[in-house]
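**Q** Build me a model:
(one chain, ligands or ions: 1)
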Amino acid sequence: MSVFGWIIIHQHLGYTFDWQLPWADYKAGFGSIDANFWLGLERMHLLTSSQPHRLRVEVQQKNTNLWFSAEYWSFKIGEEYWSFQIGDELNDKYRLEVSGYSGDAGDSLQYEGDWAGDGLFGNYNHNGMKFTTKNQDNDENHSENCAVARGGGWWYNRCFVACVTCGADHNEWATLSSVYDVISSRMMIKPQ
Ligand SMILES: [Ca+2]
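**A** Sure thing, here's the model as predicted:
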């Protein structure tokens, strides 16, 4: 479904839906566009590898009900624009690549801070991470499976800090200084 050129790739409304689904579902897509929805990693890969796309993430804070957004777009290397891209399944396990943040939600996909105060900078950066589901552990930085611990498939690092496909206790987004609970969210892409 496309709205003003934006293609919805994810929608999460409240805490009723169970996002703890296997690899095949995250690959093929699930849900419905007027409710909880995931377009599917294979389609995301095909779309974003055919031409450059910008990504927009909208998150609703649980404790204020306010919506905030993060966009990733317009990063030029040589003659090519790189913004939001999903790698292939075989080589990349649908690796996430983002760049060029702007917005007021916080750059939670490229979080380079020391979230836990343990000196492990970079352990909470989702950019460059492979996708992990409960039955396919590709989060190589964490000894256990982050999807099992957090309630849904995602591009986990170890395992914090952003996730909008997680269970109610772990669905969250981050600014540089704090992490907040997310009750609803959308992700959408647009050719640029
Ligand atoms: Ca792991």
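
**Q** ok, and what's touching the longest helix along the chain?
**A** Criterion DSSP state H: the longest helix present in the chain is helix 41-50. If you take C-beta atoms under 8 Å, 6 or more residues apart in numbering as the criterion, helix 41-50 is touched by 7, 9, 26-29, 53, 84-89, 94, 131, 189. To be clear about C-beta, it is placed using only N, CA and C from the backbone, and glycine gets the same treatment.

**Q** And it, what's buried?
**A** 41-45, 47-48 (16 or more other C-beta atoms under 10 Å).

**Q** and if you look at stretch 14-31?
**A** When burial is assessed from 16+ other C-beta under 10 Å, stretch 14-31 yields the following buried residues: 17, 19-21, 23, 25-27, 29-31.

**Q** out of these, which one sits closest to S108?
**A** W19 (17.3 Å; C-beta to C-beta).

**Q** In three-state terms, how would the closest one be classified?
**A** Under DSSP: H, G, I helix; E, B strand; the rest coil, W19 falls in the coil class.

**Q** wait, isn't it in contact with C163?
**A** No. The pair W19 / C163 is not scored as a contact, 9.2 Å apart, by C-beta atoms under 8 Å.

**Q** hang on, E71 packs against D104?
**A** No. With contact defined as C-beta under 8 Å, E71 does not count as touching D104 (10.2 Å).

**Q** For those two, indicate the residue with more neighbours.
**A** Shown here are E71 and D104; by other C-beta atoms under 10 Å, E71 has more neighbours (20 against 10).

**Q** Which of the helices or strands spans that one?
**A** strand 67-72 (DSSP states H and E).

**Q** now what about the longest strand along the chain, what contacts it?
**A** Ranked by residue count and defined by DSSP state E, the top strand of the chain is strand 179-191. Outside strand 179-191, the residues that touch it by C-beta under 8 Å, 6+ apart are 3, 5-15, 44, 47-48, 51-63, 65, 84, 115, 160-161, 164, 171-174.
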